[in-house]
Structures are given as structure tokens and as C-alpha cells.
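Q: Got a sequence here, can you build the structure:
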Amino acid sequence: MNRSLPKSADPMPGHPVYRYERQVEWGDCDPAGIVFYPRYLAMFDANTAGLFASVGLPIPELIRKHGIVGMPLVDVQAKFYRPSRFGDCITIESWIEEWGRAKVIVGHRILRDEQLAVQGREIRVWVASDPEEETRMQARPIPQEVIDRFR
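A: Residues are numbered from 1 along each chain as shown. Alright, predicted model coming up:
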């Protein structure tokens, strides 16, 4: 299975894309003055929450309504094309690439000066507490009503 990130990956036409513009803060940067790579992963995570909220599904509401623990991250990928520095304005774009029975793949890209700086992908799983052992989590099917909000 080829899991590389194609530089030309685009959201599916007609499907929601959540865009968030922000300035790179001092705390985002490493001693070299560029964004420290784990900060990009935090940006992906925040944008995933924004994506769900943008279609009327804020994560806290999903947790309450569907009795889930959340959608923990089980895999993340990122490819870096251009550095971003303190003070740069960046745009983070996120969309659903694929739905599975209990997983969702979220695509991300970060643009600086309208050029691709970072391409990323998260795989998340819809989970609830295991009824037999509360300390464990168990994958559950994603409700169709959730998937339909993105179509």
C-alpha cells in the first residue's frame, strides 16, 4: 500500500474544506526561527476540530450525543516543502479524504504566500469506552448522519 502524500492532493469538489488563517507565533518556532514540526501537527489537530464544527458537528457535541470517547489519532503523516517563520501568515486547509467503517482520513495542507508549505494526513478512529473494561477503548461504526454532513 502506497501511503505517500502526493503534492497535488486536492479536496474532492463540492465537499467542505475548512480554512483557517493565522500568523506564526514566536512559540511556534524553534531556535532556527522556523516552525518546529510538532506545532504543525497541533495545527492539523485544531483544524480537524474546526472542520467538524464548520458542518455543525463540534467535537464536544459529538462526544455527548454519540457516547464516544472521541476520535483519537492513530496515524499521522506530514511532508514539508517550505519553511514558515515567526510573523508569517499561513492558511491551514482541512477536508475529509475518506470514510471507513470506524475511521476517517483527514487531509491537510498549509499554505504560505499561497504556495504549499506542508501537506499532511491524519487517520482517526471513532471510539467509545469498552463496556466490559472502562479503561479500554473500542472502535465503533461512524454514524451515517455524521458522514452525510460532509457530502
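
Q: C-alpha from now on. contacts and neighbour counts both.
A: Noted.

Q: which residues does the residue nearest to Ser94 when sequence neighbours are not counted bridge with?
A: Of all residues not flanking Ser94 in the chain, His108 sits nearest, at 4.5 Å (C-alpha to C-alpha, 6 or more residues apart in numbering). For His108, the beta-bridge partners are Ser94, Gly120 (DSSP bridges).

Q: Make 210 the starting number, not 1.
A: Yep, numbering from 210; the last one is His317 now.

Q: burial count for His317?
A: 30 (other C-alpha atoms under 10 Å).

Q: And for Glu342?
A: 9.

Q: so it bridges to which residues?
A: With DSSP bridges as the rule, Glu342 is bridged to Asp339.

Q: Tell me, how many residues neighbour His224?
A: Count around His224 with other C-alpha under 10 Å applied: 13.

Q: The nearest residue to it once chain neighbours are set aside and Glu354, how far apart?
A: Leaving aside its sequence neighbours, His224 sits nearest to Arg360 (C-alpha to C-alpha, 6+ apart; 5.8 Å). From Arg360 over to Glu354 the distance is 10 Å, taken as C-alpha to C-alpha, to the nearest Å.

Q: of the two, who's got more company?
A: Arg360 (11 against 8).

Q: now the strands for the protein?
A: Per DSSP state E, the chain carries strands over the ranges 227-232, 282-289, 298-308, 312-321, 324-334, 336-339, 342-348.

Q: Quick one, which of those strands gets closest to Gly259.
A: Across those, Gly259 has its closest neighbour in strand 227-232 (6.8 Å, C-alpha to C-alpha).

Q: Which positions in that closest one come out as buried?
A: For strand 227-232, the neighbour count (16 or more other C-alpha atoms under 10 Å) marks 227-229 as buried.
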